[in-house]
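Enquirer: Sequence plus predicted model, see below.
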Amino acid sequence: MTKPNPPAPPDNALSRIPLPTRSRFQPLLLLVVAVSLIPAGWLAFSRVAFENSEKNVALVMDYPALSSQAKEVGKDPNALLLEYKKLGVNGVAIYEDTVASSIQRGDAYFLSGGELQARNPGVSGINPEWSYLRSIRPGTVENLLQKYGALENAGAISLAEAQDQPLPAPVFKALPTKTLNLGGQKWIGWSIDPRFLPAGPNTAQIERLQAQGFTVVYRPYQDQRVRQPGADWPSVPFVSFTGAEVIGARNPRLLADIKARLGKRVPTIIENSVQKGLDTLVEDRTAARMFSLNPSWQNSLTPLEVASKFALAARERTQRILYLRPFPSQGETEYFLTLLGKQLDRANIKVAQPVIQNYDPSSLLRWLSVLGPLAALLLLALSYPLPRIGLVVAGLAVLGALGINGGQPFPGFALIAAITFPALGLVLRRRQMTDWFVATGFTLLGVLFVSALGTDKGSMLGLDPFSGVGLTLVLPIGLVLLSFLPRQDIRQTIAELFAIRLKVGDVIMLGLALGIFAVAVLRRGNTSSVGVSDVETRIRQDLQDAIIRPRFKEVFGHPLLLLGLSGTLPGYFTMLALLGGIEGQASILNTFSHFHTPLLISATRAFIGLGAGLVIGLVAVWAVRLAIRIWNNYGGWQPAAQVEAGKPEPRRTELGDNSGQRSAGPGR
């Protein structure tokens, strides 16, 4: 007795998606991907070891801001600094002195030409438009005369640079000055106002602070009239340039001098304010990432909010120097430092003078890792229902990724991995809910390749960010969408697409889907062009203070993918859910594309998002199925117009049942 054939599975939108092409090269390509995981995994292990060795920060207080607060509360700045030291502050930022600093300390005396003339009526030789200085501490003003000058051969420098010739040595001429003796006092007149000229470090102050155990960050000023900038820098571990560019950024010869004069001092990279010329300055040395807040923005926040931002910077952005400024009151400052210390302790980050080293991955292991993304992309192309189109797309992807990254192979193939692996699993299998685990597995494999190929010194320091990071949220959706093309002549498919008649509801749903997608893409990174509500800001802060906050794209994207793979949704809603769900997978690779974030932090964020998304997705599938069942069975509803006309009720297509929805062909 023959067994009856099992019932055919119910028709749904998933069954209408073309099956992938089973390429005979698939086992070989999967083997290449698997073997390439060995060098990629080793690189990931070495990166984690490197990042764990650097879990310490310096809490550096801005000394001018500290001095202002000390004057307001009637304390000596050094005494107030020692009070803050008990709360964790172990560093101080000291700015280069100016001539005005010498005047304020009483080392020199300043008068404008008009004032000097008024005090010495009838004396010739005083120019009222000049400025005049005299030394109180012997030699103060006289020593300044040799420090400044006007560069005469800038034209020759520009010409030599244009002709790729050795740059000539700088030629300065002395600034116009004039010496006067008035009443037995020696005055030196200047054609410019010298008070704002850089005057070098306050060596005595710096040595005193270092003796007290503080890490000193020296902040020199840039001024083209200084003959030898950097020649008098103090012996400190860190140098943080002021302004939008480093000293010498516009003059290659001077930049080379600054590079040599840095010695063992480590320059800082200010978060969200990378200075021009810094990348050249640190080509063969390391740099320290430094985080600070604009004073006006800080004062608009609470101490808890500011502490949260600084702790986040140290925990998740590898900031090694936290540049602090006091709050308007001493009490608020002490509360802020207490909160910050607790949050750093919770993250196992020590407060100490950082020892900065470079991450230097093995080039051989990176070249071996390149094979993985290349094999995955080829497998993706051959698995399309139309493999020829897949191969063309794969070729364009390689050319585009390398072009975006200036022909550099490692970041180029890191981008290939970031756009290929989130799509690969859904192209190979998408018939049931358990295929979500297959898609997620391929995505997590891509994480290792992105990290192995994209991580180096420049990307970890933030000087060479991942080019095309925004594409990692867009192109995977396009790669999956292309796999929906039926296995037929592409010209016929195009003609059928143009013949589709859209209803108002279809247009509304497509517009809504595109709007949500645009918001998801635009809201990326630490800053975005789409604002965040106060409620969401509070939720984000509470989550990041309590745990490592998952990305909302993943928390919402994973349930969408589960809904799409469940076959529960009617019609094209399944397609939209699948495409929207890819955003969750793509967001995982996007997370790991921020190489300044420690790998384990990104991994924790991704797995929290996966866990939350899986739970929410299972609940959502159950809820949608229940809602559809209630909708289809409640009250025996039928159109009122047909009841009134006495017409028989047509066979109802239930929500969730796609039978009878195939478009009638021409001539029917």
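Expert: Perfect, I can see it now.

Enquirer: which residue ranges form the helices in the stretch 101-250 of the chain?
Expert: 113-119, 140-144, 154-162, 203-211 (DSSP state H, counting those that start in this stretch).

Enquirer: Could you dump the ones you listed into JSON lines with distance to Val266 and mean pLDDT added?
Expert: In this view, the C-beta of every residue, glycine as well, is placed from N, C-alpha and C. Formatted as JSON lines, those follow (distance: least, C-beta to C-beta, whole Å; pLDDT from 0 to 100):
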{"stretch": "helix 113-119", "distance to Val266": "44", "mean pLDDT": "92"}
{"stretch": "helix 140-144", "distance to Val266": "29", "mean pLDDT": "89"}
{"stretch": "helix 154-162", "distance to Val266": "28", "mean pLDDT": "67"}
{"stretch": "helix 203-211", "distance to Val266": "16", "mean pLDDT": "95"}
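
Enquirer: low-confidence ranges in the stretch 401-550 of the chain?
Expert: Within the stretch 401-550 of the chain, the stretches with pLDDT under 70 are 502, 504-507, 509-510, 513-549.

Enquirer: all helices of it, in order?
Expert: In the stretch 401-550 of the chain, the segments counted as helices under DSSP H, counting those that start in this stretch are 409-428, 435-454, 457-461, 475-482, 490-499, 504-522, 534-546.

Enquirer: Which secondary structure state does Ala58 sit in?
Expert: Classification of Ala58 using DSSP: H, G, I helix; E, B strand; the rest coil returns strand.

Enquirer: and the closest residue to it other than its chain neighbours, what does it touch?
Expert: Distances taken as C-beta to C-beta, 6 or more residues apart in numbering place Gly91 nearest to Ala58, at 4.4 Å, with adjacent residues excluded. Going by C-beta atoms under 8 Å, 6 or more residues apart in numbering, Gly91 touches Ala58, Leu59, Val60, Met61, Phe214, Thr215, Val216, Val217, Ile321, Gln353.

Enquirer: What of Leu37?
Expert: Leu37 makes contacts with Gly372, Leu445, Leu448, as judged by C-beta under 8 Å, 6+ apart.

Enquirer: would you list the residues you listed in JSON lines and tack on neighbour count and distance to Pro328?
Expert: Converted to JSON lines, the contacts of Leu37 look like this (neighbours: other C-beta atoms under 10 Å; distance: C-beta to C-beta, whole Å):
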{"residue": "Gly372", "neighbour count": "30", "distance to Pro328": "54"}
{"residue": "Leu445", "neighbour count": "22", "distance to Pro328": "52"}
{"residue": "Leu448", "neighbour count": "24", "distance to Pro328": "48"}
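
Enquirer: Looking at those, which one is closest to Ser68?
Expert: Nearest to Ser68 out of those is Leu448 (C-beta to C-beta; 50.0 Å).

Enquirer: For the closest one, give its distance to Trp42.
Expert: From Leu448 across to Trp42, the span is 10 Å (C-beta to C-beta, to the nearest Å).

Enquirer: same deal with Pro559?
Expert: With distances taken as C-beta to C-beta, Pro559 is found 35 Å from Trp42.

Enquirer: So between those two, which is more surrounded?
Expert: Applying other C-beta atoms under 10 Å to Pro559 and Trp42 shows that Pro559 carries more neighbours, namely 25 against 17.

Enquirer: what's that one in contact with, if anything?
Expert: Applying C-beta under 8 Å, 6+ apart to Pro559 gives the contacts Gly581, Gly613, Ile616, Gly617, Ala620.

Enquirer: Return the distance of stretch 394-409 from the chain's centre.
Expert: Distance of stretch 394-409 from the chain centroid (C-alpha atoms, centre = their mean, to the nearest Å) equals 22 Å.

Enquirer: any residues touching it, and which ones?
Expert: Here stretch 394-409 makes contact (C-beta under 8 Å, 6+ apart) with 367, 370, 377-378, 380-381, 411-413, 415-416, 419-420, 467-468, 471, 475.

Enquirer: Flag every buried residue along that stretch.
Expert: Ala394, Ala397, Val398, Gly400, Ala401, Leu402, Ile404, Asn405 (16 or more other C-beta atoms under 10 Å).

Enquirer: Of those residues, which is the nearest to Arg317?
Expert: Nearest to Arg317 among those is Asn405, at 22.6 Å by C-beta to C-beta.

Enquirer: Would you mind measuring from that closest one to Leu380?
Expert: Distance of Asn405 to Leu380, computed by C-beta to C-beta: 20 Å.

Enquirer: If I follow the layout properly, Thr472 ends up in contact with Ala418?
Expert: Yes. Here Thr472 reaches Ala418: they are 4.3 Å apart, a contact under C-beta atoms under 8 Å.

Enquirer: which residues are common contacts for those two?
Expert: Common neighbours of Thr472 and Ala418 (criterion: C-beta under 8 Å, 6+ apart): Ala586, Leu589, Asn590, Ser593.

Enquirer: Just the ones of those residues in helices?
Expert: Per DSSP state H, helices hold the following members of these: Ala586, Leu589, Asn590.
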